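S.K.: Mind folding the following:
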Amino acid sequence: MDNQAIDKIDEAADDTDKISAAVIAATPEAWGTDAYVINTATIEDDTLHINVSYTGGCETHEFTLVAEPRFLESFPVQLRVSLAHNANSDTCEDSITEDHQFDLTPLKEVYQKGYRTDQGTIVLRLKEAPPSDLTYEF
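M.R.: Reported below is the predicted structural model:
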């Protein structure tokens, strides 16, 4: 099957108290490869809510939602996404659990432009997430 190419790239926000924009990139490893566990993931409106656990506590940790640059053609279309984690060389070992939010609007805009429609559905295939349906409808 053909894939719909995604060519838009958005910058992720640095402040974890804010909603970060999804990043569209071919190499999620460039955003961080440090360990974490996804406890839960849900979509509400245009926002992906992810609860994660990791070890650290001495440095600021950065989480970035990275979407692959192609939709997988199916009905509905699917999109592989990963959560990249940059621990900034944190060697502390406190157990931390926190929530992160990611704006899915950049994915919606690319879908709308590529498929020439205002409405759609994207099934997000979040790597390392517990089994659940992450269906983004707009």
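
S.K.: which regions of the chain sit below the pLDDT cut-off?
M.R.: The model of the chain has pLDDT under 70 over residues 1-17.

S.K.: This protein: helices as residue ranges?
M.R.: Taking DSSP state H as the criterion, the chain carries its helices at 105-115.

S.K.: center of it - which residue?
M.R.: Centrality entry for the chain: nearest residue to the mean C-alpha point is Leu65, 2.8 Å, by Cα atoms, centre = their mean.

S.K.: Without its sequence neighbours, what residue ends up closest to that residue?
M.R.: Spatial nearest neighbour of Leu65, excluding adjacent residues (Cβ to Cβ, 6 or more residues apart in numbering): Phe102 at 4.1 Å. Yep, even glycine has a C-beta here, placed from its N, CA and C like the rest.

S.K.: Show me what the residue nearest to the centre of the chain is bridged to.
M.R.: Leu83 (DSSP bridges).
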